[in-house]
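# Take this sequence and fold it.
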Amino acid sequence: MSERPNELKKLAAIATDLELSGELRTKAIELIGNIGTHDALLALLALAANEKLILEERDLALKHARGIIKSSR
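Predicted coordinates for the structure are as follows:
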């Protein structure tokens, strides 16, 4: 379980690296959403608030954040 914070940090770094392809950033966002923890939710919300990302990536981050919230009910 101690790998999760490092995994989240790495995936968040990939998701915000504008020098990488959009496909790779999108995949990182999806993987963060699949983790499904509270920390993953916070990471997704931070991505959604990042104005440097393109709108579609921000929307995807919100979609996955909503999924985590719905699954915790």
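# hey, where'd the helices end up in the chain?
Assigned by DSSP state H, the chain shows helices spanning 3-16, 22-35, 38-49, 55-71.
# Now do the third one: which elements does it pack against?
On a contact count with 3 or more Cβ pairs under 8 Å, 6 or more residues apart in numbering; DSSP states H and E, helix 38-49 meets helix 3-16, helix 22-35, helix 55-71. Backbone N, C-alpha and C define where each C-beta goes, glycine included.
# And the last one, what does it pack against?
Pointing back at helix 55-71 there. Counting contacts by 3+ Cβ pairs under 8 Å, 6+ apart, helix 55-71 is packed against helix 22-35, helix 38-49.
# Would you mind listing where the protein has pLDDT under the threshold?
Scanning the chain for pLDDT under 70 picks out the ranges 1-3, 73.
# try it again with 90
Within the chain, the ranges that satisfy pLDDT under 90 run 1-5, 72-73.
# and Leu20, how many neighbours?
By other Cβ atoms under 10 Å, 14 other residues sit near Leu20.
# Now it. Nearest residue, chain neighbours left out?
Leaving aside its sequence neighbours, Leu20 sits nearest to Ile14 (Cβ to Cβ, 6 or more residues apart in numbering; 6.4 Å).
# What about that neighbour, how many residues nearby?
With other Cβ under 10 Å as criterion, Ile14 counts 16.
# from memory it sits against Ala28, does it?
Yes: using Cβ atoms under 8 Å, Ile14 is in contact with Ala28, at 4.1 Å.
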